[in-house]
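Novice: Show me the folded form of this:
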Amino acid sequence: MTVLGARRLDPERMDGEWTDLSALRRTLGRVAQVNARLGGTRALRKALLSGCRGASALQVLDVGTGDASMCVKMVEWGAAARTPASVVGVDSHPQITEIAGTRARSHEAVRIVRADGRDLPFPDRAFDVTTCTLTLHHLDERGAAALLSEMARVSRRMVLVNDLERCLPNLLGAKLLAATVWRQDPVVRHDGPLSVLRSFAPKELEAIGRSAGLRAVRVTRYFPYRLILSGEPPR
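Specialist: Purely as a prediction, here's the structure:
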């Protein structure tokens, strides 16, 4: 796989302040569509259910939850697998947290908390599994390791990171989508290709997992060019 050069750290527009909540809601919806149509949702489902096979119930923390679409999906997956799941979604962005909270109100198994993933307001080993989707690439290496370390602290069983792979095919695909499907959304049009350039190569992601103290670190590629890092919290 052709790995691009060093990671870019230009700011993404998604992370800025928003005055138009409706526009932010539409943009978050497009991000959820990217997960659903380009393999991110499918990859997380497979990793979560295979890693938690045999569990009678699951308590899950989703960091960087966006509009809470993935929280709802995880509750649905648990129900289908006869493994009831309750999910807490965390995001530090005030407007995003507001949108996620609106979605969560119609799902009693989902709760939203505003917090920084690098300083989680939960006790040690409070959740069976901690996840984050399309969140890690928003941070520099030090911040990414701090996030994973906190996710490991509050996890009893497993840490899962679901993100893009920094590679040429992913970048070309994002540029094509920016010129077509995403052309009417200036934020996604700008952030889509940049997100690929900010993302990690598999070996980089594995190294960050190990530096955060995770055990049994593994990075798996899912079609097309989505990476899942899985690891166990320290004993």
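Novice: Quick check: longest strand in this protein by residues?
Specialist: If you go by DSSP state E, the chain has its longest strand at strand 155-164.
Novice: quick one, strands of the protein?
Specialist: 58-63, 85-91, 110-114, 127-133, 155-164, 215-222, 226-232.
Novice: can you map out the helices along this protein?
Specialist: 21-37, 40-51, 69-80, 94-104, 141-153, 168-179, 186-198, 202-211 (DSSP state H).
Novice: ok so, going back, how about the longest strand of the chain: buried residues?
Specialist: For strand 155-164, burial by neighbour count (16 or more other CB atoms under 10 Å) applies to Ser155, Arg157, Met158, Val159, Leu160, Val161, Asn162, Asp163, Leu164. All C-beta spots, glycine's among them, are computed from the backbone N, C-alpha and C.
Novice: between that strand and helix 40-51, how big is the angle?
Specialist: Interaxial angle of strand 155-164 relative to helix 40-51 (axes from the mean of the first three to the mean of the last three CA atoms, to 10 degrees): 150 degrees.
Novice: For the remainder of this discussion, apply numbering that starts at 621.
Specialist: Yes, from this point I'll number from 621; that puts the last item at strand 775-784.
Novice: in its sheet, what does strand 775-784 sit against?
Specialist: Strand 775-784 has the following strand partners under DSSP bridges: strand 747-753 (parallel), strand 846-852 (antiparallel).
Novice: Please compute how far it lies from its chain's middle.
Specialist: Relative to the chain's own centre, strand 775-784 is displaced by 9 Å; criterion: CA atoms, centre = their mean, to the nearest Å.
Novice: Give the rounded mean pLDDT of that strand.
Specialist: Per-residue pLDDT over strand 775-784 has a mean of 97.
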